[in-house]
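> here is a sequence together with a model predicted from it:
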Amino acid sequence: MKETAQTRILVVDDESAIVELLTSLLRSEGFAVSGHTDPAEALKTCEAQGFDLAIVDLMMPQMNGFELCTKMRAITRAPIVFLSAKDDESDQVAGLTLGADDYITKPFKPRELIARVKAHLRRVTYSSDPAQGSVLRRHDIEVDLRTHEARLLGIELALTPKEFAILALLMQRIGEPVSGEDIFQEVWHERFDSSGANSVMVHIRHLRAKLAEVDSSREFIQTVWGVGYKMVEQGRLADEMSADDGSGAR
């Protein structure tokens, strides 16, 4: 099934041939595509219109992908996929640390790129109105990244800033295990250590408790032993899941 034309993809690459190729490829799948060879112009489009997913070249002379990603992250939490001829692990780690969601190396396989784009779009449903900011919605939970408000079954959750950030991160990567280290670095922006692991565990416990205050029939955050935590694809009945507070995840 092809995506609807309402799904907006932003493509940024200083090579016009790459922009044209990606634009043609994505439009053939039913996406609305805005292609740019100038990162500054792409940023203006991001600010004015928003997007559902961006594909960003890493090495651009006017403004590199790292810098552009940082500026975009100040505006939106929509998925950002880096595209680069460099396959150095350090570049991939740096990109993901800055807030990118994926890293694809050139030359890329068109079918694989499309599959990854669709996988990221499936994880989160965003508001189609950019003026309302990015709104994440899954199984009765709604997270508004612009207003920093979260609701379950329409009831507002009284979350601390870090609890909100953890919930938003897990919602963005729904169904995918996120390690305690990744959560700590994304939310606290500090080097991960044993105290960081304890902080994540405590905040996850508090977040689970606040969700349970509204709906105790389901557990939304699952511990993946030896890996981390994940927001389950569908809220599952509490007795189907471990009642562990997350102390076993690292």
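Yep, that arrived.

> residue contacts, the residue nearest to Arg27 when sequence neighbours are not counted?
Leaving aside its chain neighbours, Arg27 sits nearest to Val33 (5.4 Å; criterion: C-beta to C-beta, 6 or more residues apart in numbering). Every C-beta, even on glycine, is put in place using the N, C-alpha and C of the backbone. Residues in contact with Val33 (C-beta atoms under 8 Å, 6 or more residues apart in numbering) are 8-11, 22-23, 26-27.

> who wins for neighbours among those?
Within those, neighbour counts (other C-beta atoms under 10 Å) peak at Val11, which reaches 27 neighbours.

> pretty sure that residue is touching Gly35, no?
Yes - assessed by C-beta atoms under 8 Å, Val11 is found in contact with Gly35 at 4.5 Å.

> any shared contact partners between the two?
Residues touching both Val11 and Gly35 (C-beta under 8 Å, 6+ apart) are 19, 22-23.

> pipe the residues you listed into CSV and attach distance to Ser216 per row.
Listed next are the shared contacts of Val11 and Gly35 as CSV, based on distance: C-beta to C-beta, whole Å:
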residue, distance to Ser216
Val19, 50
Leu22, 46
Thr23, 48
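
> which of those residues lies closest to Asp88?
Asp88 lies nearest to Leu22 out of these, by C-beta to C-beta, at 22.3 Å.

> still on that earlier bit, where's the residue nearest to Arg27 relative to Ile221, distance?
Remark: distance between Val33 and Ile221 (C-beta to C-beta, to the nearest Å) = 35 Å.

> give the buried residues for stretch 71-80.
Of all the residues in stretch 71-80, those buried under the rule 16 or more other C-beta atoms under 10 Å are 71-72, 75-80.

> need the contact partners of that stretch.
The set of residues external to stretch 71-80 that reach it, using C-beta under 8 Å, 6+ apart, is 43, 46-47, 50-54, 56, 69, 98-102, 120-121, 123-124, 126, 133-134, 136, 145, 168, 172.

> now swap in stretch 91-104 and tell me
Contacts to stretch 91-104, defined as C-beta under 8 Å, 6+ apart, come from residues 56, 58, 65-66, 69-70, 72-73, 79-84, 112-113, 116, 120, 172-173, 185.

> where does the protein have low pLDDT?
Along the chain, segments meeting pLDDT under 70 span 1-6, 123-134, 139, 233-250.

> need the helices for it, in chain order.
16-27, 39-49, 65-73, 89-98, 110-123, 161-172, 180-187, 194-214 (DSSP state H).

> quick one: which of those helices is nearest Val227?
Among the helices of the chain, the nearest to Val227 by C-beta to C-beta is helix 180-187 (9.1 Å).
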